[in-house]
Structures are given as structure tokens and as C-alpha cells.
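**Student:** Test case, fold it:
(2 chains)
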There are 2 protein chains.
Amino acid sequence: MSDIYNFSAGPAVLPKAVLEQARDELVDWHGSGMSVMEMSHRGKEFMGIAAQMEADLRELMGIPANYKVLFLQGGASSQFAMVPMNLLRGKASMDYLNTGEWSKKAIKEAKRYGAVNVVASSEHKNFSYAPGQDAWKLDPDAAFVHYTPNETIGGVEIFWTPQTGNVPLVADMSSTILSRPVDVSQFGLIYAGAQKNIGPAGLTIVIVREDLIGQAVAGTPTMFDYKTHADNESMYNTPPTYAMYIAGLVFQLLKREGGLAEMEKRNIAKADLLYNYLDATDFYASPVARDNRSRMNIPFTLKDAALDEAFLKGAREHGLLQLKGHRSVGGMRASIYNAMPIEGVAALVDYMKAFEQKNA
Amino acid sequence: MSDIYNFSAGPAVLPKAVLEQARDELVDWHGSGMSVMEMSHRGKEFMGIAAQMEADLRELMGIPANYKVLFLQGGASSQFAMVPMNLLRGKASMDYLNTGEWSKKAIKEAKRYGAVNVVASSEHKNFSYAPGQDAWKLDPDAAFVHYTPNETIGGVEIFWTPQTGNVPLVADMSSTILSRPVDVSQFGLIYAGAQKNIGPAGLTIVIVREDLIGQAVAGTPTMFDYKTHADNESMYNTPPTYAMYIAGLVFQLLKREGGLAEMEKRNIAKADLLYNYLDATDFYASPVARDNRSRMNIPFTLKDAALDEAFLKGAREHGLLQLKGHRSVGGMRASIYNAMPIEGVAALVDYMKAFEQKNA
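**Tutor:** The predicted structure is shown next:
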């Protein structure tokens, strides 16, 4: 096998131990004679896999009993519509924080279903930071407050939990879920596409407080109504069974390795390794305000953008893949989710130092 | 490995050669150092996989150039809403044929978006047949005509293609796609969940004539608008990459084995084996009219329903799995998609004969 580190923003690196277990079980799961891909979602084998996976996620995140966990399809992009369609509940307006490209997409979609009040925005500063809550103009009558705790593209992370009183707090946690503990009870709804910190693309996890379910606006497609899935244990139709199985293997691994507190410790160490170097050199720079530097997605620029192509080419030759920044931002981006070992970050920093020495 | 045959209606048996190749490539795809699950959907490796897969499907089905092939999520259940939302195009009414449980679900969802004219129904005969086109009351001004060429639950298949003139024909081919050749040019839109004859659950394929794209009703979620996906080569957001890869392996296998004409030949032989026995005994019976007997899903009943449990228990002991009929129909159902070898059907018939001899 080629020896590589994959810094893709998603789909992204998965734990090697999970992939090896999936390989060993692929053709015949636990002597059943079937691949998990071949199992009826209503058969006892898969029902067991799904139940264990949900229990493990509930344990890892400490999800209270009055929250449903839904295993859906369609990614965060579908949630951009499902959240307003389900949570507007006759209210006149929705509050959104604007901290980057994903916030903007969520806002654009929400506007199709009602008025959006942007409580604060960092767009005038090129999304280089997240406004503190003292700068937010919250509407006490809003249907909900939506924010993006980690902007995958901009690399802007919010490490504190907004306080929104009785207004439900909604978070797109696609690229931060499972990277550190969160207090789920402070949220009305959390959603996340799986393809960053959970498992393969094609699975979307929604954690929603039960009292927010069942008030979808007229015309909401049955499949876009949380109630459809909550009432049927995510088995109203065929769920993405294989992606759920892989996610379940990831959850078991995280439990074995010490849970989210341990993940946070490792993620801080990994992020520090790269940020400390970025701070120590002027050959590279981080565009993000210190308090909002993401631990998951680390964009950085070369002082001389004319060297970008040479940097990427050399990186690929060193087995450091998918470092090109998003087309809307440019520069570089290293996504270092839970499954990226610290050795990968160290290899990146070593390469960056060598490239600097050669080109400075 | 246990030696079993899996008659699940979906997710269902996959070709052993595909599973073995997937296993061999799971941790490291073609020396890339990455699992397909870990690949960026915008990276050259996965873009290549996706392009090859679409080309192979186009070749297998003979899809004309003026049709888009979309790789979506959400299953047929999402298409039940997407079809009317996209294809109503200001018309007053939609035509639907009602031949079973899946037709009924499609009709129920469509009614949320406009008037539905049921052109014919076999519900009064317990969905035991499909009305011929001479019995259909088509509306020449309908937005489209929707039918279900194979009812997975009832086992009712329509082997002829309805003639609807200028009104676009829409087919839910979830459980018949790739089982025999079809003339795609006669359809406005074909959709299919993958988990029967294509690949793992979590992938939905839509084949749609280009002129039908781009007229979604107001309020259609961006992710439910075919134009979103058609304009972005199904990469508007992250597609279900691993399910697409497995589907691609299935398509390559079908091509190697002789394409859909060869599949049809094999499927006829498999279905005949079981139906001929059902016709030769009065211990078991097929509830479906001869002309509409599905080649993919074969329901049958025991004359004495009190023996059902013993039949299923013995079947499991013989490694014949998932034969219990759908809860809405009762009795038994053997789903024998492309990937079910004729040896599996022969083993089932052998068991049925032995069970009959013991209990007649």
C-alpha cells in the first residue's frame, strides 16, 4: 500500500482499524453468510447493528432521553431546507449567524421558507472570525437560532455555546461533531453529514428535541418531515444501511479510545502542532482569528502565492494529499479530523519546513 | 462462511464477485493508499469512478444523449414528492396507475402537490393483476403518467410499455431496473432505489429527459429540484460515493456477463423454475395473474397458512433466508434479483418439495 496522509475536507480519512474490520467482515458479517450491504433493514441482524450504533452515539455524546436521533440521507444541504420547514412552526422569522460559506448556503435556503434575521456576520472581514454573542442581534420571537460551529471551508470554529434562552438553538455540526464534548441539552437540533468525522458519505445524523417534531409546514415532502422518521425509528424507508454500519464501527472505536474528551485532547495537540508552526514562520500564514481557529480544518496561505502549485506538487510527492484550499478561498487547507493521526500532521509540518527552507 | 441464499426484497443479495472485489479494494483502492470511502468526491480518483459508472449504466440501458442520469439520495420515497414537484409544470392534474402498495404510496404523496387521476386500479382484486392499457382512462392534458412496472410487495410486473403519446411516462423501476432491456426513449423519467438490483441502499438513480428539468414548483427544496443535480453532475453536494462505487462494480459485472438481454434470459429461467413448480402443486399457490407474474419478487402462499411458521423455520435451517411475505400481504415472498443464482432458486424449490412431501 502507498503510504499517504489524506487531508481531504470530506469525504475524509477514516480510522484504519475501522477499514480493516470492514474489509474482514465485508463478504460475511459475523458468520451470517451475508454482507451488511445485503441485509434487509428489517432483519434481526441489521436491526441489531442499528440499535447498537444509536446506543453508542447516545453514550458518546450524552444525548438526553428527550431527544430523537434520526439517521437520514441528503446531507447538510437537505437540512438547510428541513430545518426551516420543520422548525418555523408558524413564527414570522428565523435567526441565523453568518460566519462563512456554509452559513450563507443555510441562510439562502431558509429565505425560501420565511424571513431570515442575520444576527451577526463576519462577511465584511472575509469570514476570518466569528462574532461574539455580545455582537449578535437576537430576536426573542425567532423560531430558532441557527449557526455553524465549524465552517469547513473558512476554518472558523466557535468553541462556546450560544445562549438563546427559550429560542431553540440549531447547529450544523457536520465538521465538528465528535471532535470534542458538547452539552446536547443546550441545543434544539444538531445535524451533521457523516462524511467528515462519522463515516461514509450518504448518511446524515439529526439529533432533535422531541417537542420540536411534528409541526412541519404544509407542503413539506413526507421524507422532509422529521416526524416521518421519528415515528418509524428511521426505518420509514430503507436507510443507508452500510454507511450506518461503518459509522457504528467508528463509534465503537471512539468509545474504546476514551470518548470525546480524549478526542478533544488529541485534536488540540494536532491543531497546536500546525498552528504553532504557522505562528513561528512568516513564510506561511493563518487567515483566521486566534480564538476561532478550527481544530478540524486549517486553512493557510503561502506568503508567495506563486509557489502554491509547487507546494502542492511536492506535497503529493510526499504522500500528503488533498491540501489544496477550497476554490472560494484559495491557498491551502489541511483537514485533520479525528481519524487523522498526529503523525500525519507532523509529516505535513516537516514538509512545510523543508519547503520553506528550500524556497525562503 | 455459512452457505445461505438471501431472498430479501431489498437491501438484497449482491454478486459475490462484486463483494470480493470490494473487500480486496476496501482499505487501498488501486494503490491510491485510500479507501473509496475516504476519497474526496471532487478528487480525480472518485471523479474517474463516477464517470466510468455513469458511462457503463448508459451503455447497459442504452440511455439516449438527451437524458440526464442523476445519482441522488433518499430512495423512491423521495421521488414520490420530487416527481410531482418537478414535473407538474403548471398542469392541473397527474395520471397514476394503481397496482399495489408502492403505487398507493406514490399516489398519496402526489396528492399533496396537485390533483391525481387514477387511470386504473386493481385494488378491488387485492392487487393481483395489472389492468391492461385498454382499461386505462388517460387524461391527454395530464402533466405525466406514473406507473410501477414491478410492485415489490405484490409481485405484479408489467412487461409492456404504456403508450402515452405526448404525455411523459414516469416509472418507478426500483425492483425491475437492469433485470431486462427497456427502451428508455419511451420514458420521460425513470427512477430506482439502488438496494435491489443496483447496489447498496442510500443511492437513488434518476434518468430524466432534459426538457423536463428546470420547472420545479415554488417552494421546492433546492435538493429536491432535479435542475440542482443536473447542473452539477450530481455533485452539488457530496453524493453517496461508496454506494456509487459498488453500483459501478455491479454495472461492470453485468457488462462482462452479457448485459441486460442475458440478464433477462437468466431471470426468465429462474422465475420459470419457481412458477412451474407453483403451477404443478396445489400445496402452494401464486396469487398473481399469469401475465403479471413478477420475475423479481415471487409471492406465494401455503394452502394451509397454519404451516407458515414451520415452513419459514425449516427454510432458515436450510439456509434459505428472508422468505417471509410482506406484512401487508402475508404468506411467502422470494425476491430473486439479478444477483440470485439459479442454484438458489433450485435450492428453494427442492426445499418446498420436501416440505410438501412431509406435510401434504
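
**Student:** For residue A:97, which three-state class applies?
**Tutor:** Judged by DSSP: H, G, I helix; E, B strand; the rest coil, the three-state class of residue A:97 is strand.

**Student:** Who are the contact partners of the residue lying closest to it once chain neighbours are set aside?
**Tutor:** Residue nearest to residue A:97 in three dimensions, not counting chain neighbours: residue A:147, with 4.0 Å by C-beta to C-beta, 6 or more residues apart in numbering or on different chains. Yep, even glycine has a C-beta here, placed from its N, CA and C like the rest. Counting by C-beta atoms under 8 Å, 6 or more residues apart in numbering or on different chains, residue A:147 touches A:96, A:97, A:99, A:103, A:158, A:162, A:169, A:170, A:171, A:172.

**Student:** which residues does the fifth one contact?
**Tutor:** Contact criterion C-beta under 8 Å, 6+ apart gives A:99, A:130, A:147, A:149, A:150, A:292 as the residues in contact with residue A:158.

**Student:** quick one: which of the contacts of residue A:147 is nearest to chain B?
**Tutor:** residue A:172 (12.7 Å; C-beta to the nearest C-beta).

**Student:** any idea how far residue A:306 is from the nearest residue to the closest one once chain neighbours are set aside?
**Tutor:** Spatial nearest neighbour of residue A:172, chain neighbours left out: residue A:148 (4.7 Å); criterion: C-beta to C-beta, 6+ apart. Separation of residue A:148 from residue A:306 (C-beta to C-beta, to the nearest Å): 32 Å.

**Student:** Flag every buried residue along stretch A:353-360.
**Tutor:** Neighbour counts over stretch A:353-360 (16 or more other C-beta atoms under 10 Å in any protein chain shown) mark A:355, A:356 as buried.

**Student:** just to revisit the earlier point, more neighbours: residue A:148 and residue A:306, which one.
**Tutor:** Taking other C-beta atoms under 10 Å in any protein chain shown, residue A:148 and residue A:306 do not tie; residue A:148 has more neighbours (30 against 7).

**Student:** which SSE is residue A:233 in?
**Tutor:** Following DSSP states H and E, there is no helix or strand that holds residue A:233.

**Student:** Establish whether stretch A:222-241 and chain B are in contact.
**Tutor:** Yes. Judged by C-beta under 8 Å from any C-beta of the partner chain, stretch A:222-241 and chain B are in contact via A:222, A:223, A:224, A:236, A:237, A:238, A:239, A:240, A:241.

**Student:** between those, which is nearest residue B:276?
**Tutor:** For these, the residue nearest residue B:276 by C-beta to C-beta is residue A:238; the value is 31.5 Å.

**Student:** Tell me how many other residues crowd the closest one.
**Tutor:** Around residue A:238 there are 24 residues (other C-beta under 10 Å).

**Student:** Please tell me I have it right and it contacts residue B:8.
**Tutor:** No. Counting by C-beta atoms under 8 Å, residue A:238 stays clear of residue B:8, with 10.8 Å between them.

**Student:** OK, now which residue of the stretch 251-360 of chain A is nearest to chain B?
**Tutor:** residue A:322 (5.6 Å).

**Student:** The closest residue to that residue other than its chain neighbours in helix, strand or coil?
**Tutor:** Leaving aside its chain neighbours, residue A:322 sits nearest to residue A:8 (3.9 Å; criterion: C-beta to C-beta, 6+ apart). The three-state label given to residue A:8 by three-state DSSP is coil.

**Student:** if we can go back for a sec, report the contact partners of the residue nearest to residue A:172.
**Tutor:** For residue A:148, the contacting residues are A:97, A:99, A:100, A:102, A:103, A:106, A:171, A:172, by C-beta under 8 Å, 6+ apart.

**Student:** Could you verify that residue A:20 is part of a helix?
**Tutor:** Yes. Per three-state DSSP, residue A:20 lies within a helix segment.

**Student:** What's the local residue count around the residue nearest to it when sequence neighbours are not counted?
**Tutor:** Distances taken as C-beta to C-beta, 6+ apart put residue B:27 closest to residue A:20, at 6.2 Å, once the chain neighbours are dropped. Around residue B:27 sit 19 other residues, with neighbours defined as other C-beta under 10 Å.

**Student:** What is the three-state secondary structure of residue B:27?
**Tutor:** Assignment for residue B:27 (three-state DSSP): coil.

**Student:** correct me, but it touches residue A:21?
**Tutor:** No. Using C-beta under 8 Å, residue B:27 is not in contact with residue A:21, being 10.3 Å away.

**Student:** mind checking how far residue A:230 is from chain B?
**Tutor:** Residue A:230 sits 15 Å away from chain B, going by C-beta to the nearest C-beta, to the nearest Å.

**Student:** per-residue confidence at that residue?
**Tutor:** On pLDDT, residue A:230 comes in at 98.

**Student:** Just list the residues touching it, thanks.
**Tutor:** Neighbours of residue A:230 in contact, by C-beta under 8 Å, 6+ apart: A:68, A:70, A:208, A:210, A:213, A:214.

**Student:** The third one reaches residue A:64, doesn't it?
**Tutor:** Read it as residue A:208. No. Residue A:208 sits out of contact with residue A:64 when judged by C-beta under 8 Å, with a separation of 11.5 Å.

**Student:** neighbour-wise, which of those two wins?
**Tutor:** The neighbour comparison of residue A:208 against residue A:64 (other C-beta under 10 Å) goes to residue A:208, with 25 against 13.

**Student:** State the three-state secondary structure for the more buried one.
**Tutor:** At residue A:208 the chain is in strand, as set by three-state DSSP.

**Student:** Quick check: residues of the stretch 251-360 of chain A near chain B?
**Tutor:** Proximity of the stretch 251-360 of chain A to chain B is confined to A:319, A:321, A:322 under the rule C-beta under 8 Å from any C-beta.

**Student:** Spatially nearest residue to the second one (excluding sequence neighbours)?
**Tutor:** When the adjacent residues along the chain are set aside, residue A:321 lies closest to residue A:6, with 5.0 Å between them (C-beta to C-beta, 6+ apart).

**Student:** Residue A:152 too?
**Tutor:** Per C-beta to C-beta, 6+ apart, closest to residue A:152 is residue A:175, 4.2 Å.

**Student:** who touches that neighbour in this structure?
**Tutor:** Contact partners of residue A:175, counting by C-beta under 8 Å, 6+ apart, are A:9, A:10, A:150, A:151, A:152, A:196, A:197, A:294, A:296, A:297, A:335, A:337.

**Student:** Can you give me the separation between it and residue B:244?
**Tutor:** Relative to residue B:244, and taking C-beta to C-beta, residue A:175 is found at 22 Å.

**Student:** next one: residue A:194
**Tutor:** Relative to residue B:244, residue A:194 is positioned 15 Å away (C-beta to C-beta).
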